[in-house]
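Peer 1: give me a model of this one.
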Amino acid sequence: MRHFIDTQDFTKTELVWLMDLIGLLKTADRDRALPPLLAGASLGMIFEEPSTRTRISFEVAMTKLGGHALYLKPGEIHLGVRESIKDSARVISRMVDAIEARTLKHATVTELARYANVPVINGLTDYNHPTQVLCDVFTMREHRPAGKPLEALKVAFIGDATNVCSSLMMICTQMGMEFVHCAPPRYQAPKAWQLIARANCVQSGGRFSVTDDPVQAVADADFIYTDLWWWVGQEAEIPERQAAFMPRYQVNDALLANAPPHAKFMHCLPASRGVEVTDAVMDGPRAIIYDQAENRLHAEKAILVAFVRPHLRLPSAKRSARHAHAIGAFLDDHQLDGAATPAAALEA
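Peer 2: This next block holds a predicted model:
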């Protein structure tokens, strides 16, 4: 059983295959000709914190593919509180065909995957966000300069070492791209992340570096990416973080003037306008943030098809007819006291 927990669990070839599938499903969806590849399937969506793009993209993806998504939030299920993660994973697995989980701790997702009997998809943890970055690199493929191979692209991430930074660092170096993380020293990628990225580069031929100079980081960049400077639970650090990042690390027109004219701006959203990025950049011609957001839907479709469809039992027409006959005969011959049988109802 394979799960989608971390891009590091996959080869470059497999990641390219997933992105090719995203493209096929996106084209079919645009033509309103998407086949019901997950007809009758159900997805249990566990959300320990609110979400816009992740929730909508997974729920709509399941609907478009002919399946159903069930939204589960704290207070509605017993995950890790009244019931162990182990028991929750095994019970939920008996009722759905896949589990998507957006959790506060990475260990929660890995434990779900350890005990689940269906594919588990990581919708975000405190460590990484693999569904986001699969979408991001697919978006880069769509918006790269004409004729420029993926391996020749440079991505400059300006800002805090967030879970998105972690995942983007990993997938870009897996793909053989150049990735630069730019932040004040205190907020740069941990050494453990850097070791993984450098090991990826040895395998892929990619390039990786860390700097505190944003002008240097965006030079020759094809894509300039930023994320929030603080998140839920870091409110007490806001003054300190704002002092460390502002104004030098804000993505604004002055910084973009040091990048090539073709460079595009990306953000996973939500964004704090006027903080890590200005309105002028967000709403300007370089921004591809809404194309990027839309591609979350197409990426989730591909992930669901790739990981869920192989485990679906698709009955033959003969088997379906046999069961329909047996159930119909039972209902015609038996009834609860006072309840009309289907045949009697039709005669009435």
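
Peer 1: helix or strand for the residue most central in space within the chain, which one?
Peer 2: By Cα atoms, centre = their mean, the chain has its centre lying nearest to T131, at 1.9 Å. Assessed by DSSP states H and E, T131 sits inside helix 130-143.

Peer 1: helices and strands around the helix or strand just after that helix, which ones?
Peer 2: Going down the chain from helix 130-143, the next helix or strand is strand 154-158, by DSSP H and E. Strand 154-158 sits against helix 163-174, strand 178-182, helix 214-218, strand 223-226, with contacts defined as 3 or more Cβ pairs under 8 Å, 6 or more residues apart in numbering; DSSP states H and E. For the C-beta atoms, the positions are set from N, CA and C on the backbone; glycine is no exception.

Peer 1: return the set of buried residues in strand 154-158.
Peer 2: K154, V155, A156, F157, I158 (16 or more other Cβ atoms under 10 Å).

Peer 1: again, but for stretch 112-129
Peer 2: For stretch 112-129, the neighbour count (16+ other Cβ under 10 Å) marks 112-113, 115-116, 118-129 as buried.

Peer 1: repeat for stretch 205-225
Peer 2: In stretch 205-225, counting by 16+ other Cβ under 10 Å, buried: 206-210, 212, 214, 217-218, 221-225.

Peer 1: end to end on that stretch, go ahead and measure it.
Peer 2: 22 Å (Cα to Cα, to the nearest Å).

Peer 1: for stretch 246-266, same thing?
Peer 2: Stretch 246-266 end-to-end distance (Cα to Cα) = 19 Å.

Peer 1: farthest-separated two in the buried residues of stretch 112-129?
Peer 2: Comparing all pairs in the buried residues of stretch 112-129 by Cβ to Cβ, the longest separation belongs to V118 and D126, at 23.6 Å.

Peer 1: pop the domain breakdown of the protein in here.
Peer 2: What automatic domain parsing lists as the domains of the chain is 7-129+296-311, 132-293.

Peer 1: which one among the buried residues of stretch 112-129 gets closest to R313?
Peer 2: Closest to R313, out of all of these and judged by Cβ to Cβ, is V118, at 12.6 Å.

Peer 1: would you check that the closest one makes contact with S93?
Peer 2: Yes. Using Cβ atoms under 8 Å, V118 makes contact with S93 at a distance of 4.7 Å.

Peer 1: brilliant, that's me finished.
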